[in-house]
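# need a structure here:
(4 chains, ligands or ions: 2)
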Amino acid sequence: MEAKKIYLDYAATTPVDPEVVEAMIQCLGPDGDYANSSSSHFFGKSAKVHIDTARGQIAARIGAEVDSICFTSGATESDNMALIGTMNANQHRGRHLITSTLEHKAVLDTAYALKDQGFEITFVDHDEHGVISTQQLATAIRNDTVLVSIMHVNNETGVLQDLAALGELCQERGVLFHVDAAQSVGKVPLNVADFSVDLVSLTAHKAYGPMGIGALYIRKGMKIAPMIYGGEQEWGYRSGTLATHQIAGFGKAFALADPDQEGPLLAARRDQLWAGLKVIEGVSLNGHATKRSPHILNVTFAGVEGESLRTSLADVAISAGSACNSDVPDPSHVLRGMGLSDALASSSLRFSVGRFTTESDIDYVLKRVREEVLRLRELASGAPEWTVS
Amino acid sequence: MEAKKIYLDYAATTPVDPEVVEAMIQCLGPDGDYANSSSSHFFGKSAKVHIDTARGQIAARIGAEVDSICFTSGATESDNMALIGTMNANQHRGRHLITSTLEHKAVLDTAYALKDQGFEITFVDHDEHGVISTQQLATAIRNDTVLVSIMHVNNETGVLQDLAALGELCQERGVLFHVDAAQSVGKVPLNVADFSVDLVSLTAHKAYGPMGIGALYIRKGMKIAPMIYGGEQEWGYRSGTLATHQIAGFGKAFALADPDQEGPLLAARRDQLWAGLKVIEGVSLNGHATKRSPHILNVTFAGVEGESLRTSLADVAISAGSACNSDVPDPSHVLRGMGLSDALASSSLRFSVGRFTTESDIDYVLKRVREEVLRLRELASGAPEWTVS
Amino acid sequence: MDYESEVKQRFLSPNRVKSFEEGIAGVVSGESSDRTLNVWVRFQVQVINGLIRTIRFNVYGCPYTVAAVDWAAEWLEGRETGALLDLGMIDRRKELGVPVDRLGKLLLIEDAAAACQKKLERLTTQDGN
Amino acid sequence: MDYESEVKQRFLSPNRVKSFEEGIAGVVSGESSDRTLNVWVRFQVQVINGLIRTIRFNVYGCPYTVAAVDWAAEWLEGRETGALLDLGMIDRRKELGVPVDRLGKLLLIEDAAAACQKKLERLTTQDGN
Ligand SMILES: Cc1ncc(COP(=O)(O)O)c(C=O)c1O
Ligand SMILES: Cc1ncc(COP(=O)(O)O)c(C=O)c1O
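Ligands and ions are numbered 1, 2, ... in the order given. Here you go, the predicted structure:
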């Protein structure tokens, strides 16, 4: 008997939309447009059409000019390139980088690597919901600040930053602005024409596109050093044979990813989930009640050990925080950064809904969560105060 | 009327084998194993099975230990990581890098970038066929040499280096050895247990796998700095969500890529092609007559301008050299490095055959090449000496 | 995580969880906890004639910890009270398939058992007065 | 490369390629070449009564160069010999859809035509003697 299994980990990755799979397959086998798009023969030209179409689709989705989209292997590489490339290319301006402790590891660990190389890092403050104010950012900016890197949608809590206000401040202060928007596309509107931004990290696989392909939006006129050298693809910013099928899928996925259409559907599922969870005793929401993306719900179950809860819910794919490379994740740096104790941080779960989540999926998950929370609370009855606060 | 079109540019990229496409599709849509393989839930575990299988297939193909295969976005990234990561991590040993002018741009441009950062580069000599001897390498090695980077199969001429001899020398002299083997797999045997090597760059898309995925073989105990930071995937060497479908396809492609089986078939097509070409006046072979891979044939057509020849052969996908990012390639640095004049280098074509090349494809191509060479020679009749020597 | 099937089984259906009502004769309880390890363990043992007749536990911790407590309770039941000092979790870890980085959590189980033993000793001493 | 259809057409089927037999009356030839540009151009013009009656060419070069030479030959035929100095390739480049980085090659066509004109002048001078 195959047990029921529900996927609520869309923030870790999404299945590839069947229409996207179709677009990818067109660029594969011997009858597809499989050639190297850099080749000047007709096979190459046919492949290039897919690249050009996709670049247009991606640019259109974020309101960018077509030739400001530089393909990479994903948001991790985009983040690295944004930080390392910008800091290295702008040393005449200074060596100071601002980011926040709420960022994804692709930004945080890169910032630490830059620090090892002699750059200076400031972590900007945020409030208890994980929101960064312009006042807080203003305090962190120095005369030698080169770049501010702040994510759009937090991948653990779904908290949404006010990019317009932060971008305006950066522009006023003559500081470059990078936004990690890996979680945004298809969930919340993101238009680079609406605010002042220099670099935006994108990835396909969080928006029903394939894993292993992403892009860095590079505003025209930006100065950024390449990180990977070679055939000078992508205007020399990023060498390496362009992966036609990946890019075609990326383009198709972004063409389909309309937040105006999908956002409300996601919000409905998330709200259904929260309505069922919040009536359980000792359950609290992490993040901000309104400044948030519709696809993520991060919840603390006081008095319930997190690994045990996830293990009990073996039929529900959820996450302790970001999909990380360890079976025993450390308590989330994001939640601790928002003031939760280690115990409460590790008693927290990230639920993330997506295109294929149904109302009955949520009903099932609610039933299972209630069962297991009660079971584990009974098991832990008598546990000390620190497990619940 | 759709004209006949023949693809003889397998060295630029190969179509993805239908069996590989199948393996990839299993990891895509909503019913596939699409999850993030870093996730600890069952969906993640199912994805991880594909990663583990593929890592095993790739390791087996080159005789490596499973955990010495580090996934990257392709050979370009692998080459960058090998050079930059090794030079940065071994500065206590010295700052000297040896490579050759025959390398792919992914190595050459990276070497130049390292030079800009204060590292020293020596380009080792080679003979007129593009073969590097141990004597030549021995001359280049210094006390402060950290790394030697030499490719296995040259992507323009197919010339094969004697890795066993070069590797032995590197080991004797205590120098690390990197091999760019992007063109090797499935064409010539490559077994890291057979010779002394520390790093090997691999890519899937030259061996009927997908574009945008590759690997760096990193010998156990090697010290190499990461280039991309983040979630610490791949033992921290290379962060970023692993692209399950890409890796599954890569593994399948390498499992299928048996040089003992395919090499002779490729050689037969190449020899058929050469037999037909060499009877044309003024045609000469570039590279080495025997030390070569079976899939590449690089030929000079004296007195025929290369771009015109390629344009005339619009129904045959061939290349001026490497697939490059420009419609007007500079005369090949590899051929010039082997002593050809600019004119002769630009009168040269790279034909590369593959799994789907038939005998009648070659017959057709021979007919067409003869026609066009004669036509262009007539057009250029009376041209000066420098166009033919 | 890929738990060994014994760990999984014990974690998902632990026996001996329901606590004793208060005031039952011969019942002592002992607990231990470590906030940094995110573990709390409590045993209640009912001792009759120097033998552990019944044992109950509560635990807040990871699945390995829960499973190991469940095992420990089962193992203790029916033994002489001296066994409370003899759980030997270091040796038992591998058999249960618990990764070595969880050993600290397992040792807290020994502490909780030892705390019971201490209470029993005090009881015995009081009785002897 | 995506050649404009005129370039493609002229490159694939150039007219006026077959050279004159030697010793035909009124035929002069002029050529130019540049090794770094990888181009060589030769015109043969047959002039009768100050008009270019027939023109033939040979060329070693890229498709744009071939196409431009073909255009130039067609344009010259029937004109007065002064036209040999009036090819105006700078203006013509865009109309043919030749990228600006090929302009150097196109200017060699003017040089070859000018070389013909020079020969013609010399002939005329000789005749006048
Ligand atoms: C906010 C954020 N940034 C960066 C990344 C890394 O993206 P990728 O998996 O494309 O490397 C992720 C997801 O893993 C993310 O959620
Ligand atoms: C010898 C060699 N090295 C490196 C590369 C780059 O590989 P990739 O296209 O996977 O980045 C290629 C092919 O483009 C190659 O032929």
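# ok, the residue in chain C that chain A sits nearest to - contacts?
Chain A sits closest to residue C:60 of chain C, with a gap of 3.8 Å, by CB to the nearest CB. Every residue, glycine included, has its C-beta placed from N, CA and C. Each residue near residue C:60 by CB atoms under 8 Å, 6 or more residues apart in numbering or on different chains is listed here: A:303, A:305, A:379-380, A:383, A:387, C:33, C:38-41.
# quick one: list the elements packing against the top helix by length along chain C.
Counting residues, the longest helix found in chain C (DSSP state H) is helix C:103-128. Applying 3 or more CB pairs under 8 Å, 6 or more residues apart in numbering or on different chains; DSSP states H and E, one finds that helix C:103-128 makes contact with strand C:27-34, strand C:39-48, helix C:63-76, helix C:89-96.
# adding mean neighbour count, distance to residue D:74 and mean pLDDT, write these out as TSV.
Output for the helices and strands packed on helix C:103-128, formatted as TSV (neighbours: other CB atoms under 10 Å in any protein chain shown; distance: least, CB to CB, whole Å; pLDDT from 0 to 100):
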stretch	mean neighbour count	distance to residue D:74	mean pLDDT
strand C:27-34	19	93	95
strand C:39-48	23	91	95
helix C:63-76	24	85	96
helix C:89-96	14	90	91
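# okay, the ones you listed in CSV with distance to ligand 2 next?
What follows is the helices and strands packed on helix C:103-128, written out as CSV (distance: least, CB to the nearest ligand atom, whole Å):
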stretch, distance to ligand 2
strand C:27-34, 50
strand C:39-48, 48
helix C:63-76, 42
helix C:89-96, 44
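# what's the burial count for residue C:53?
13 (other CB atoms under 10 Å in any protein chain shown).
# for it, helix, strand, or coil?
strand (DSSP: H, G, I helix; E, B strand; the rest coil).
# show me the contacts for it.
For residue C:53, the contact set (CB under 8 Å, 6+ apart) comprises C:26, C:46-47, C:77-78.
# where exactly do the helices run in chain A?
A:18-25, A:42-61, A:75-80, A:86-89, A:105-116, A:134-140, A:163-172, A:244-256, A:259-277, A:306-312, A:333-337, A:342-346, A:359-379.
# most tightly packed of those helices?
helix A:75-80 (a mean of 31; mean count of other CB atoms under 10 Å in any protein chain shown).
# is that one anywhere near ligand 2?
No - between helix A:75-80 and ligand 2, judged by CB under 6 Å from any ligand atom, nothing touches; the nearest distance is 13.3 Å.
# on contacts alone, who are the packing partners of that helix?
Identification of packing neighbours for helix A:75-80 by 3+ CB pairs under 8 Å, 6+ apart yields helix A:105-116, strand A:176-180, strand A:199-203, strand A:214-218.
# is stretch A:20-40 up against chain D anywhere?
Yes - Stretch A:20-40 lies within reach of chain D by CB under 8 Å from any CB of the partner chain, at residue A:40.
# how far does that stretch stretch from start to finish?
27 Å (CA to CA, to the nearest Å).
# just send the contacts of residue C:53 back as CSV, with distance to chain B too.
Formatted as CSV, those follow (distance: CB to the nearest CB, whole Å):
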residue, distance to chain B
C:26, 43
C:46, 38
C:47, 41
C:77, 33
C:78, 37
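# my guess is residue A:299 meets residue A:287, correct?
No - with contact defined as CB atoms under 8 Å, residue A:299 does not reach residue A:287; the gap is 9.6 Å.
# any idea which element the closest residue to chain D within chain C lies in?
Across chain C, no residue is closer to chain D than residue C:2, which sits at 55.3 Å (CB to the nearest CB). Assigned by DSSP states H and E, residue C:2 belongs to no helix or strand.
# is it true that it touches residue B:45?
Yes - with contact defined as CB under 8 Å, residue C:2 reaches residue B:45; the gap is 7.4 Å.
# residues contacting the helix or strand of chain A with the lowest mean pLDDT, please?
Among the helices and strands of chain A, helix A:333-337 carries the lowest confidence by mean pLDDT, DSSP states H and E, at a mean of 89. Helix A:333-337 is contacted from outside by A:101-102, A:108, A:126, A:130, A:154, A:156-157, A:286, A:298, A:300, A:321, A:342, A:344-345, A:348, using CB under 8 Å, 6+ apart.
# same question, stretch A:266-277
A:187, A:283, A:285, A:294-297, A:299, A:351, A:353-354, A:357, A:359, A:361-363, A:365-366, A:369-370.
# filter these down to the ones near chain D?
Near chain D, by the rule CB under 8 Å from any CB, you find none of the contacts of stretch A:266-277.
# need the residues of the stretch 1-150 of chain A near ligand 1, please.
Counting by CB under 6 Å from any ligand atom, the residues of the stretch 1-150 of chain A that sit close to ligand 1 are A:74-76, A:79, A:104, A:106.
# okay, now the unreliable bits of chain A?
Scanning chain A for pLDDT under 70 picks out A:1-2, A:321-329.
# how far away is the residue of it most remote from its centre from chain B?
The outermost residue of chain A, judged against the average C-alpha position, is residue A:382 (38.8 Å), by CA atoms, centre = their mean. For residue A:382, the distance to chain B (CB to the nearest CB, to the nearest Å) stands at 29 Å.
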